[in-house]
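S.K.: Below are the sequence and a predicted model for it; my questions follow.
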Amino acid sequence: MRGISTPRYSVESELKKLNSEYSYNYIWLTPQSVLYILQKRGQKAEVANFSAHDFRRTFISELLDSGADISTVQSLAGHASPELTARYDRRNEETKRRAVQALSIPGSRKRK
């Protein structure tokens, strides 16, 4: 699974460049213009073969990795079901094992 990390200012700077061409304080972005901005940023970052959907996958995966519950991630992603959101879960078995070990179960010993 690929992850793409771009500083927040990089997308904002592209939008400011586009905005400076107009006398408005806002600009309507079409899906094609967003894709163009992403492709330009990918070229500058020397990242080959990525899609706009990679950002979506990374967003969802990072939320899951940070411990956000699946219902919250489902809502943020706009998914209709938690099953769809679960497809983005790329955490390995060791991460899942540590999560279970962190549970506080009365009467059980804490494993190291």
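M.R.: Received it, and whenever you're ready, just let me know what you need. All of these numbers come straight from a predicted model, not from anything done at the bench.

S.K.: what about the strands in this structure?
M.R.: With DSSP state E, there are no strands along the chain.

S.K.: domain ranges for it?
M.R.: What the record gives for the chain is the domain set 8-48, 51-104, from automatic domain parsing.

S.K.: ranking those by mean pLDDT, which is last?
M.R.: When these are compared on mean pLDDT, domain 8-48 scores lowest, with a mean of 72.

S.K.: Output the domains of the chain as JSON lines; include the columns mean neighbour count.
M.R.: No exception for glycine: its C-beta is placed from N, CA and C like everyone else's. Shown next, in JSON lines, are the domains of the chain (neighbours: other CB atoms under 10 Å):
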{"stretch": "domain 8-48", "mean neighbour count": "12"}
{"stretch": "domain 51-104", "mean neighbour count": "13"}
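
S.K.: which ones are touching the residue nearest to residue 81 when sequence neighbours are not counted?
M.R.: Counting by CB to CB, 6 or more residues apart in numbering, residue 81 lies nearest to residue 74, which is 7.3 Å off, once chain neighbours are set aside. By CB atoms under 8 Å, 6 or more residues apart in numbering, residue 74 lies in contact with 81-82, 84-85.

S.K.: wait, which of these is closest to residue 45?
M.R.: Among the contacts of residue 74, residue 85 lies closest to residue 45 (CB to CB), at 27.3 Å.

S.K.: Grab the nearest non-local neighbour of the closest one.
M.R.: residue 74 (4.3 Å).

S.K.: State the distance from the residue nearest to residue 81 to residue 56.
M.R.: Here the criterion is CB to CB, to the nearest Å. By it, residue 74 lies 13 Å from residue 56.
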